[in-house]
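> here's a sequence, model it:
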Amino acid sequence: MLVRLYEKDNDPAVMEQVTGVLNDGGIIIYPTDTMYAIGCHALKERAVEKICRIKDIDPKKNHLAIICYDLSEISRYARMDNATFKIMKKNLPGPFTFILEGSSKLPRIFRNRKEVGIRMPGHPVIREIAAALGAPVMTTSIPYDEDDDPGYATDPELIEEKWGKLVDMVIDGGHGTLGTSTVVDCTGQDFNIVRQGLGELVY
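Numbering: from 1, shown residues only. Just a heads-up that it's a prediction; the model follows:
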């Protein structure tokens, strides 16, 4: 199912349809400020497990990531000191993934590893979805191989054609990019950039 959402003035009935899919444990594909991503209600463990199977992610070896609407929500699902709070406040929303220690409020599958990736993308569509849901969205970039046609990672109609049968809904939020987020590990004494992506970290 392909559903169109805009940067603003979306039909409340359509937003209710999107959040209904997530609340029912469904999986959606949606735009971010980097690549299109695949995600679900982060507190629905079976949905998280399904995404791990689709992406061949081993949650015992790989960090899982969530999208939060604001810093207040981040503080419920991850632990951060004052320095981390300040640097996140300077850089979010934006194309970053901050690695933090996860809290006990996340499902068990996230606690296979102590850390969780935190995203707060600067894309209005996923921000509106996260706000309407009132809960974090588990997120990972859609499966993409560099040998693939870039359209299958950036064009919502081609994304729906390729991945539509594996998910419950594809959100058309306009043409996407092949960019990645900048990954910042905040679990040590210093902020460590693990991967340089689109985000330029401001200290």
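> what about the strands in the chain?
2-4, 27-30, 37-41, 65-67, 78-79, 94-102, 115-120, 137-141, 169-172, 182-185, 192-195 (DSSP state E).
> off-centre distance for the third one?
So that's strand 37-41. Remark: strand 37-41 is offset 6 Å from the chain centroid, using CA atoms, centre = their mean, to the nearest Å.
> what pLDDT is listed against P143?
With respect to pLDDT, P143 scores 85.
> surely it meets I51?
No - with contact defined as CB atoms under 8 Å, P143 does not reach I51; the gap is 10.5 Å. In short, each C-beta sits where N, CA and C put it, glycine included.
> what's the overlap in contacts for the two?
Counting by CB atoms under 8 Å, 6 or more residues apart in numbering, the contacts common to P143 and I51 are I38.
> can you give me the buried ones in the least confident helix or strand in the chain by mean pLDDT?
None of the helices or strands of the chain scores lower by mean pLDDT, DSSP states H and E than helix 151-154, at a mean of 93. Residues of helix 151-154 classed as buried: 152-154 (neighbour count, 16 or more other CB atoms under 10 Å).
> can I get those in TSV with distance to D58?
TSV is the format used below for these (distance: CB to CB, whole Å):
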residue	distance to D58
Y152	24
A153	23
T154	27
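> between these, which is nearest S181?
Among these, A153 lies closest to S181 (CB to CB), at 14.6 Å.
> roughly how far does the closest one sit from P121?
Going from A153 to P121 by CB to CB, to the nearest Å gives 16 Å.
> okay then, goodbye and thanks.
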